[in-house]
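>>> Predicted model and sequence follow; I will ask about them next.
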Amino acid sequence: MTDTGLLAILIAALAGLLAGRAWAAALGRGDLRERPAFRTSPHYIQGLHYLAAGQLELAISELTKVTREDADAVEVLQVLGNLLREAGHVERAIQTHQGLLARTDLTRAERAHALACLGMDFRKAGFLDRAALTFDQVLEVDAKSIHACVGLQKLHEEQRQWREAYQVQTRLSRLRKTDDSLVLGYLQAEMGHEAARAGRREAAEQAFKTALSLDRRVFPARLALADLYADLEPRRAAAILEDAVRETPERAYLAFDRLARVYAAREEPSRFVALCEGIIRQDPQDWRARLALARHLRADGRFEEASGLLLRALEANPQVLLVHLETWRTLRDLGARSEAVDRYIATAEEAVFYRDPHICTACRYRADDMLWRCPHCHEWNTFVEERLVPLAATR
Ligand SMILES: [Zn+2]
């Protein structure tokens, strides 16, 4: 198991434990009935020990023994329920949380917490409607439940209900007093994409502008806004993309194809050459601008110049398969024609591995493309292109 996965489980489990602490504090104030001292059970201590060591199954086994010895150990049941869910025993997690909710001696806060956990069980099990219903119930009991809001927000995101996700995220930001404008911006961009696909041009434009006013880092909103203007107002589209390249040079490559098209439509292809040359001057290590320029030149029949650029890109980044592929295509156009060359190019093009690896900085999930939301840890704006460190630098 990865460290982040383990950390998530510990946090989820400890959320139950901390809630237990809060009740214990309430107990001290005398507004709760006495609870038996399960804390003296050796199984409890052993269970926590296994939990800290990341041995989930053993922790589950020990904590189950505690709840058998002492049916009133509500906070242990909460921890156990969350552990079961995180370890993949979702059915048992649901049973544990439903068992808790069937009790008549829970406080309001305990009930809200157990309900929110049940909602997460349902979500993990794929019962999305039941999960949504359960989170709504939590919010009826406790309108300020951050747990339920987080669950509901993820649920909407998973179902691509961007407007609803945006509303819950706004509520969450108010509750937690956090600045979530980057996430809100990405959600607005998704709302814009949806409107654009449905042909609602003005709504799309508005959403993309709102996204950028929330946070200028929402790169897909810039790309989409340029797409909206590309046909009728290519000058405006070009200006938006040029701004994007200037403000976020490390993501400039995502705008290259669009810029090349817009400049071609304006019959100013030399502007694309100038743009790439500018980027190469700024960052001599940049292989993407060299690659884009080489492709542009090859399409123009300027094979020698393309080949020179590619050689320099290879010197700086020899591990990049895309550069090798483009080099071979250029060599073929330069006259290196043979069946072997064609076979090499076809094989490399179809190879099933990461041709352009990008990686999530939050959970290390890898993909062959830039992703705005990580499909593994569900965070926004965490992907970067994966760069290999030259051997010399690691010594
Ligand atoms: Zn991730």
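Good, I have the coordinates.

>>> tell me what whichever strand or helix holds residue 242 is packed against?
In this assignment (DSSP states H and E), residue 242 forms part of helix 234-247. In terms of contacts (3 or more CB pairs under 8 Å, 6 or more residues apart in numbering; DSSP states H and E), helix 234-247 is packed against helix 219-229, helix 256-265, helix 269-282. (C-beta placed from N, C-alpha, C; glycine too.)

>>> change it to 7 Å
When contacts are defined as 3 or more CB pairs under 7 Å, 6 or more residues apart in numbering; DSSP states H and E, helix 234-247 packs onto helix 219-229, helix 256-265.

>>> Spit out the contact partners of the residue nearest the centre of the chain.
Nearest residue to the geometric centre of the chain (CA atoms, centre = their mean): residue 374, 2.4 Å. By CB atoms under 7 Å, 6 or more residues apart in numbering, residue 374 lies in contact with 360, 362-363, 365, 382-383.

>>> OK, contacts around the closest residue to it other than its chain neighbours?
Distances taken as CB to CB, 6 or more residues apart in numbering place residue 360 nearest to residue 374, at 4.4 Å, with adjacent residues excluded. Each residue near residue 360 by CB under 7 Å, 6+ apart is listed here: 374, 376-377, 382-383.

>>> May I see the ChimeraX selection of the buried members of those residues?
Buried residues within the contacts of residue 360, by 16 or more other CB atoms under 10 Å, are selected in ChimeraX with:
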select :374,376,382,383
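
>>> ok, back up a step: among the helices and strands packed on helix 234-247, show the one with the smallest mean pLDDT.
Among these, helix 256-265 carries the lowest mean pLDDT, at a mean of 91.

>>> List the buried residues in it.
256, 258-263.

>>> swap in stretch 284-298?
Under 16+ other CB under 10 Å, the buried positions of stretch 284-298 are 286-298.

>>> Could you dump those residues into JSON lines and include secondary structure, distance to residue 206 and pLDDT?
Formatted as JSON lines, the buried residues of stretch 284-298 follow (DSSP: H, G, I helix; E, B strand; the rest coil; distance: CB to CB, whole Å; pLDDT from 0 to 100):
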{"residue": "286", "secondary structure": "coil", "distance to residue 206": "34", "pLDDT": "85"}
{"residue": "287", "secondary structure": "helix", "distance to residue 206": "37", "pLDDT": "89"}
{"residue": "288", "secondary structure": "helix", "distance to residue 206": "32", "pLDDT": "91"}
{"residue": "289", "secondary structure": "helix", "distance to residue 206": "33", "pLDDT": "92"}
{"residue": "290", "secondary structure": "helix", "distance to residue 206": "38", "pLDDT": "92"}
{"residue": "291", "secondary structure": "helix", "distance to residue 206": "35", "pLDDT": "93"}
{"residue": "292", "secondary structure": "helix", "distance to residue 206": "31", "pLDDT": "93"}
{"residue": "293", "secondary structure": "helix", "distance to residue 206": "35", "pLDDT": "94"}
{"residue": "294", "secondary structure": "helix", "distance to residue 206": "39", "pLDDT": "94"}
{"residue": "295", "secondary structure": "helix", "distance to residue 206": "35", "pLDDT": "93"}
{"residue": "296", "secondary structure": "helix", "distance to residue 206": "34", "pLDDT": "92"}
{"residue": "297", "secondary structure": "helix", "distance to residue 206": "39", "pLDDT": "92"}
{"residue": "298", "secondary structure": "helix", "distance to residue 206": "40", "pLDDT": "92"}
